[in-house]
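> Could you look at this predicted model? Sequence included:
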Amino acid sequence: MTDTPRSTNTPFPSHNNIVKEDKKWMRIALIAARETAAKGEVPVGAVLVKENKLISRGGNSPIGLHDPTAHAEIVVIRAGASILNNYRLPGTTLYVTLEPCIMCVGAMLHARINRLVYGTPDPKSGAISSVYNIGTDGLLNHNIKITGPVLENECSSVLKNFFSKKRKALKCIKEEKI
Ligand SMILES: [Zn+2]
């Protein structure tokens, strides 16, 4: 039973090991997500924390930076590695408003990030529980401790509002053209 692929009917597994400070840091990631929306980017925000101190904060920026790898997680990993002057980030926790994709989980593994806290699952491309189980399946030499969903409604609302506004704007443009 455990070897069968996860079907869409299987409930999303929760990682409910939430600690006291998780909501506080996720709220800061949400601010970064909202700032990102204002720039026309898909609103995903992230923060990197070490010993309960903020190391870096950033938002999804592939359009603005002309960089397909500039997801929020990569932005905070790059900034954090530069600030800590180390290509490894042991003892850090990465908070992100949306479950990471395969690229971002890959970057977290390379960076040796200790813990990931995500806001809302991504059923289409989430790589820690939804589509894949990278970093938690024990197949690699580093595993990431996972916590989430945290502030799921707030994190998913930011995305839903963004896409709803985009659809409305698109509808207006189409109607004007007719
Ligand atoms: Zn990503």
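Happy to help now that I have it.

> okay, CA-based contacts and neighbour counts for the rest of this
Fine.

> What separation is there between the nearest residue to Tyr87 once chain neighbours are set aside and Ile31?
The shortest distance from Tyr87 to any non-neighbouring residue, by CA to CA, 6 or more residues apart in numbering, is to Ala81 (5.4 Å). Ala81 is 22 Å from Ile31, where distance means CA to CA, to the nearest Å.

> if we can go back for a sec, in which helix or strand does the residue nearest to Tyr87 reside?
Here Ala81 sits within helix 72-84, counting by DSSP states H and E.

> Direction included, what does the helix or strand that comes right after that helix pair against?
Under the assignment DSSP H and E, the closest C-terminal helix or strand after helix 72-84 is strand 92-98. Sheet neighbours of strand 92-98, with direction, are listed as strand 45-50 (antiparallel), strand 115-120 (parallel) (DSSP bridges).

> Would you tell me which one of the ones you listed is buried the most?
Of all these, strand 45-50 has the most neighbours on average by mean count of other CA atoms under 10 Å, namely a mean of 26.

> Can you name the residues in contact with that strand?
Contacts of strand 45-50 from elsewhere in the structure, counted by CA atoms under 8 Å, 6 or more residues apart in numbering, are 25-26, 28-34, 36, 54-60, 72-73, 76-77, 80, 91-98.
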